[in-house]
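In: show me how the following folds:
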Amino acid sequence: MGIEGTSISPVLTDSQWNRLVSYGAPIDAAVGDVLFASGDRWYDLILVETGAVDVVREKLRWVEETLIATLGERTFVGELGLLNGQRAFLTARVSQPGRMLRVDHDALQRMMAEDDELCDLMLRTLWARREELRKGPAAWTLKIIGSSRSREAVALRRYAERLDLVHTWVDTDDPERAAAFQSHGFTRHDLPVAIVQGENVLRATPGHLAELLGLAYAAEDDFTVDLAVVGAGPAGLAAAIYGASEGLRTVLLDSVAPGGQSAATSRIENYLGFPFGVSGDALTSQASLQAFKFGVRVVAPCEVMRLEHNGSELELTLTDGALVHSRAVVVATGVAYRSLDLDRWKDFEGAGIYYAASALELRQMAGSDVVVVGGANSAGQAALALAANGCHVRLVVRGNDLGRQMSSYLTDRIQEDPRIDVHTGTQVVGLNGDGELERVTLTGVAEGTVDCRGLFCFIGAEPATDWLTDVERDEHGFVHTGADVIGLGEPWRELGRMPLPFETSLPRVFAAGDVRRGSMKRVAAAVGEGSSAVASVHLALASADVFA
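Out: The predicted structure is shown next:
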């Protein structure tokens, strides 16, 4: 974090420094002054004009305080949590007296909007610091302990990785870690355990972590926004970024974590601008950083259970009873993969059955026998990624033609890969294992029981729209928008207009991406729909005269 001459601690020109300090409020700092402490939320960026600041990981129950970095003159102190409201996990303490400046969150966002050069420098530095902090003792401030074959532990670990949290993972299935696990006094019933700043959270969930880290929706966040986006997949991220970049006060809510179905994809090869492909995780990370850049408030996990009109505002009710008030809403909740109707399916979810082939699953399955079920692009991409990771892959497709739903560039590579056996006209009909998946039974063209440590299921999806009780949907649950809307009631007569592109049967409520009837179920299309929906949001707000 304090290595001179690198992006972690950039050397600022006189012009850059003078522009940066113009956003700060000066303070005289004495030795021992704490500029921000572990646990602080929305803490200030610190500019060190003279003097020095020690950044430390505070004492934990089992280790002493550790110095992470010392930052001297013409540097700034802070990391990525400055942008998204995550509570500080390090403490900044003055080690040499001098003149320093505080840049609060509003001033930091103003600087990033007004000065492109400083914005790029700040983003690159904060991102580089977050990456560097993963490798050292700062990662001990959040420890996740659990079994890599546990559904709950995998969910917790995926949440930490999707939000790029600095953390340490302890796998209780690793014999070398078993003794350390037992020495803490934990039992299997306690798992997964999250140790946050030395405090134990037993049977931890992503929701627990979000509350402790300042990433949950809190009472202090209860203000009216211009745009609430529900769902943080490609469509939702695009809508939030475009809305915030065009001046809309925007909040992005997701029931799991940013990324949606794209984050479950190990390699996207047909997305514009990435000739060598891009992983869903990488695309999500960069999109999330863009959202922070423009001031989007990202909240996850945060599930919406109801949407209602409340006068000139729309009201979103969260599962914990909290309310989000907004002038417009973009629904981008996407779809959820279906499961197979088999005995013991629920027993093996997270213990051998997966709906994603992200970096997390690839690490767990390296070198194993696996089965991928499905005949569309997501199944093909998963099969290739697993094969490249040393797995023997059986691709099980119910239909007789692999190319009916899958892009030709994928089918060609799959058929040429000796590590992938393609079984068309075949289905999985049985699951076997003691505690975790070990074998599956196939029927059809291919018959018999085969070894299988991981079954990856990509057999179609259902729209996540059950909570939209007042929005017009088709027989499958996909949302009608624009010219497809059939029922135009009194609200539309009062407005004197038809639904705009991507607008649903409720005025100022829009839908984008996989959740929308007629959408193309591709990442690029979802990004285009999310950004295009924002153009309609502006028109709707202007026509309703509710946006100043």
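In: can you list the domains in this structure?
Out: The record's domain split for the chain, according to automatic domain parsing, is 14-108, 137-213, 219-333+507-541, 345-459.
In: in terms of helices and strands, where is the residue minimising distance to the centre of the chain?
Out: The centroid of the chain falls nearest to residue 258 when counting by CA atoms, centre = their mean (2.2 Å). Assigned by DSSP states H and E, residue 258 belongs to no helix or strand.
In: touching, it and residue 290? I think so.
Out: No - counting by CB atoms under 8 Å, residue 258 sits too far from residue 290 to count as a contact (11.0 Å). For every residue, glycine as well, the C-beta is placed using N, CA and C.
In: check the contact lists of these two and give me the overlap.
Out: Shared contacts of residue 258 and residue 290 (CB atoms under 8 Å, 6 or more residues apart in numbering): residue 237.
In: separation between residue 98 and residue 10?
Out: To residue 10, residue 98 is 20 Å away according to CB to CB, to the nearest Å.
In: could you give the separation of the longest strand seen in the chain from the chain centroid?
Out: Longest strand in the chain, counting residues (DSSP state E): strand 323-331. Centroid displacement of strand 323-331 relative to its chain, using CA atoms, centre = their mean, to the nearest Å, is 20 Å.
In: and if you look at stretch 342-360?
Out: Stretch 342-360 sits 20 Å away from the centroid of its parent chain (CA atoms, centre = their mean).
In: residues in contact with that stretch?
Out: Taking CB under 8 Å, 6+ apart as the rule, stretch 342-360 contacts 149-152, 154-155, 157-158, 161, 263-266, 279-281, 337, 339, 361, 372, 381-382, 385-386, 428-431, 433, 435-438, 452-458.
In: of those residues, which belong to strands?
Out: Those of the contacts of stretch 342-360 lying in strands (DSSP E): 337, 372, 428, 429, 430, 431, 454, 455, 456, 457.
In: residues contacting the fourth one?
Out: Contacts here follow CB under 8 Å, 6+ apart; on that basis residue 429 touches 342, 441, 442, 443.
In: that's a helix at the last one, yeah?
Out: In this case it means residue 443. No - assigned with DSSP: H, G, I helix; E, B strand; the rest coil, residue 443 falls outside any helix and is strand.
In: which non-adjacent residue is nearest it?
Out: residue 429 (4.8 Å; CB to CB, 6 or more residues apart in numbering).
In: which helix in this protein has the most residues?
Out: In the chain, taking DSSP state H as the definition, the longest helix is helix 523-544.
In: just to revisit the earlier point, make a ChimeraX selection of the buried ones in the contacts of stretch 342-360.
Out: In ChimeraX syntax, the buried subset of these is picked out as below (16 or more other CB atoms under 10 Å):
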select :149,150,151,152,154,155,157,158,161,263,264,265,266,279,280,281,337,361,372,381,382,385,386,428,431,433,436,437,438,452,453,454,455,456,457,458
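In: just read off the phi/psi values of the residue nearest to residue 404 when sequence neighbours are not counted.
Out: When the adjacent residues along the chain are set aside, residue 404 lies closest to residue 375, with 6.7 Å between them (CB to CB, 6+ apart). Phi and psi for residue 375, reported as degrees, to the nearest 10, are phi -120, psi 10.
In: distance check, residue 375 against residue 397.
Out: Counting by CB to CB - residue 375 and residue 397 are separated by 4 Å.
In: and for residue 171?
Out: For residue 171, the distance to residue 397 equals 33 Å [CB to CB].
In: who has more neighbours, the two?
Out: Using other CB atoms under 10 Å as the criterion, residue 171 and residue 397 rank with residue 397 on top: 26 against 20.
In: that one reaches residue 376, doesn't it?
Out: No - with contact defined as CB under 8 Å, residue 397 and residue 376 do not form a contacting pair (9.5 Å).
In: look up the closest residue to residue 146, ignoring the ones flanking it.
Out: residue 153 (2.7 Å).
In: that neighbour: what's it in contact with?
Out: Residue 153 neighbours (CB under 8 Å, 6+ apart): 144, 146, 147, 191, 192.
In: need the max-distance pair from these.
Out: With CB to CB as the measure, no two of the contacts of residue 153 lie farther apart than 144 and 147, at 11.1 Å.
In: between the two, which is the more surrounded one?
Out: The residue with more neighbours, out of residue 144 and residue 147, is residue 144; 25 against 21, by other CB under 10 Å.
In: what does the average pLDDT come to for whichever strand or helix holds that one?
Out: Taking DSSP H and E as the definition, one finds residue 144 inside strand 142-146. The predicted model assigns strand 142-146 a mean pLDDT of 94.
In: likewise stretch 212-230?
Out: Model confidence over stretch 212-230, given as mean pLDDT, is 85.
In: quick check: end-to-end length of that stretch?
Out: One end of stretch 212-230 to the other measures 22 Å (CA to CA, to the nearest Å).
In: same check, this time on stretch 32-42
Out: Taking CA to CA as the measure, stretch 32-42 stretches 21 Å from start to finish.
In: list the buried residues in that stretch.
Out: Quick answer for stretch 32-42 (16+ other CB under 10 Å): 33, 35, 36, 38, 39, 40, 41, 42.
In: before we move on, back to that, and the longest helix of the chain, what's buried?
Out: 523, 525-534, 536-538, 540-541.
In: and if you look at stretch 314-322?
Out: 314, 315, 316, 318, 322.
In: touching, residue 539 and residue 501? I think so.
Out: No - the pair residue 539 / residue 501 is not scored as a contact, 9.2 Å apart, by CB under 8 Å.
In: between the two, which contacts overlap?
Out: Common neighbours of residue 539 and residue 501, counting by CB under 8 Å, 6+ apart, are absent.
In: so what's residue 206 scoring on pLDDT?
Out: 95.
In: give me phi/psi at it?
Out: Torsion angles at residue 206 (phi, psi; degrees, to the nearest 10) stand at phi -60, psi -30.
In: for it, which non-adjacent residue is spatially closest?
Out: Nearest non-adjacent residue to residue 206, counting by CB to CB, 6+ apart: residue 159, 3.9 Å away.
In: quick one, what contacts that neighbour?
Out: Contacts for residue 159 (CB under 8 Å, 6+ apart) come out as 165, 206, 209, 256, 257, 300, 301.
In: max pairwise distance over these: which two?
Out: 165 and 256, at 14.2 Å, using CB to CB across the contacts of residue 159.
In: number of residues surrounding the nearest residue to residue 165 once chain neighbours are set aside?
Out: In this structure, residue 165 finds its nearest non-sequential neighbour in residue 142, 6.2 Å apart by CB to CB, 6+ apart. Residues within reach of residue 142, counting by other CB under 10 Å, total 20.
In: what does residue 243 give?
Out: Using other CB under 10 Å, residue 243 has 29 other residues around it.
In: that one - that's part of a strand, no?
Out: No - looking at residue 243 with three-state DSSP, it is helix, so not inside a strand.
In: that one and residue 381: what is the separation?
Out: In this view, residue 243 and residue 381 are 30 Å apart by CB to CB.
In: start and end of stretch 165-172, how far apart?
Out: End-to-end span of stretch 165-172 (CA to CA): 20 Å.
In: same thing with stretch 271-287?
Out: 14 Å.
In: what comes into contact with that stretch?
Out: Stretch 271-287 has contacts (CB under 8 Å, 6+ apart) with 161-162, 164, 234, 237-238, 241, 258-259, 261-269, 358-359, 523-524.
In: thought residue 256 was touching residue 301?
Out: Yes - with contact defined as CB under 8 Å, residue 256 reaches residue 301; the gap is 5.7 Å.
In: which neighbours do those two have in common?
Out: Joint contacts of residue 256 and residue 301 (CB under 8 Å, 6+ apart) are 159, 206.
In: residues contacting residue 156?
Out: By CB under 8 Å, 6+ apart, the contact set of residue 156 is 144, 146, 192, 194, 204, 205, 206, 209.
In: hmm, I typed the wrong one, I wanted residue 111.
Out: By CB under 8 Å, 6+ apart, the neighbours of residue 111 are 20, 23, 103, 118, 119, 122.
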